[in-house]
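Asks: next input, structure requested:
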Amino acid sequence: MLESKVLVIKIGSNVLTQSNGLPDLDRMQHLVNQIQGLISAGKKVVLVSSGAVAFGRQALPLPEKLNPVFKKQIWASTGQIRLINQYQQLFEILNQPIAQILVTKEDFRDRKHYLNMKNCIEVLLQQGILPILNENDTVTITELMFTDNDELASLTAAMINADTLMLLTNVDGIFTGNPAEPGSELVEKVVFQMPEVSNYISATKSSFGRGGMLTKYTMAKKVRRPGNSGHYCQRKA
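Replies: Alright, predicted model coming up:
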């Protein structure tokens with residue numbers, strides 16, 4: 001981490017919300033302070049933040065019978081405003097300018113969109129502005145969606161040639177069994193020489209996010225294929 005120059009940090013939905021579904025503003029403040037500390041130390045940071053749908057859901061109850069796709073579009077579009085406004089308030093106190101970038105998977109498939117996005121992020125970083133990315137859930141449909149923001153973060157890290165990808169989560173990491181069982185042990189470090197550890201990982205996903213530890217492990221393998229020089233780090237926030 002100390003040697004890293006360009007970092008992509010992904011914050012999951014469950015990291016930003018309490019168990020009752022309300023935003024965890026104290027944790028958000030803590031993370032903002034840490035990110036600002038990295039920027040002040042001369043690091044270039046790109047933040048990929050989930051949380052729009054969760055922020056929208058807790059603020060705007062909708063009828064149970066409403067189409068699930070419509071629900072998600074409403075929560076994403078209203079919640080994104082709340083999410084980015086919260087970041088704006090917290091970073092403004094620290095005199096850190098931010099920018100919002102909403103993307104879809106198609107932006108990574110279309111060459112012109114890809115280059116425009118890459119150039120935009122790089123010029124923001126050059127000017128000391130923190131880019132905050134999220135999937136544009138308002139306009140994406142199932143077959144065009146990212147697996148989750150872990151995938152968006154890994155694609156972004158590859159695009160800007162970041163040397164560190166950090167995925168923050170609300171669990172300690174990969175265990176050899178159910179973490180609730182006494183015999184389960186935390187796998188402190190996963191390297192290529194180790195036996196396959198995916199059999200340990202449950203496909204269970206968090207309350208608000210689409211992803212889980214299996215996706216994080218898959219994305220980590222992709223960004224750390226032999227020949228890639230970057231670092232992957234999964235940490236509990």
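
Asks: quick one: the strands in this protein?
Replies: Taking DSSP state E as the test, the strands found in the chain are 6-11, 44-49, 98-103, 130-135, 164-169, 231-236.

Asks: out of these, flag the one nearest Gln89.
Replies: Closest of the strands of the chain to Gln89 is strand 98-103, at 10.4 Å (criterion: Cβ to Cβ). All C-beta spots, glycine's among them, are computed from the backbone N, C-alpha and C.

Asks: within its sheet, name the partner strands of the closest one and how each one runs.
Replies: strand 130-135 (parallel) (DSSP bridges).

Asks: neighbouring contacts of the partner strand?
Replies: 35, 39, 45-52, 80, 83-84, 87, 91, 96-104, 120-121, 124-125, 145-146, 149, 152, 156 (Cβ atoms under 8 Å, 6 or more residues apart in numbering).

Asks: that strand vs strand 44-49, what angle?
Replies: 30 degrees (axes from the mean of the first three to the mean of the last three Cα atoms, to 10 degrees).

Asks: low-confidence ranges in the protein?
Replies: Low-confidence segments of the chain (pLDDT under 70): 1-2, 141-147, 170-237.

Asks: quick one, longest helix in it?
Replies: helix 68-93 (DSSP state H).

Asks: picking up where we left off before, for the strands of the chain, which one sits closest to Leu66?
Replies: Using Cβ to Cβ, the nearest of the strands of the chain to Leu66 is strand 130-135, at 21.2 Å.

Asks: give me the angle between that closest one and helix 68-93.
Replies: Using the same axes, to 10 degrees: strand 130-135 against helix 68-93 is 170 degrees.

Asks: buried ones in the longest helix of the chain?
Replies: 71-80, 82-84, 86-87, 90-91 (16 or more other Cβ atoms under 10 Å).

Asks: that helix packs against which elements?
Replies: helix 25-40, helix 52-59, strand 98-103, strand 130-135 (3 or more Cβ pairs under 8 Å, 6 or more residues apart in numbering; DSSP states H and E).

Asks: now what about the first one, what contacts it?
Replies: Contacts of helix 25-40 from elsewhere in the structure, counted by Cβ under 8 Å, 6+ apart, are 7, 9, 11, 15-16, 45, 47, 86-87, 90-91, 94, 96, 128, 130, 168, 237.

Asks: buried residues in that helix?
Replies: Neighbour-count burial for helix 25-40 [16+ other Cβ under 10 Å]: 27-28, 31-32, 35-36, 38-39.

Asks: redo those residues as JSON lines? Include distance to Asp163.
Replies: JSON lines is the format used below for the buried residues of helix 25-40 (distance: Cβ to Cβ, whole Å):
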{"residue": "Arg27", "distance to Asp163": "26"}
{"residue": "Met28", "distance to Asp163": "26"}
{"residue": "Leu31", "distance to Asp163": "21"}
{"residue": "Val32", "distance to Asp163": "22"}
{"residue": "Ile35", "distance to Asp163": "17"}
{"residue": "Gln36", "distance to Asp163": "20"}
{"residue": "Leu38", "distance to Asp163": "13"}
{"residue": "Ile39", "distance to Asp163": "16"}
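
Asks: this completes my enquiry, with thanks.
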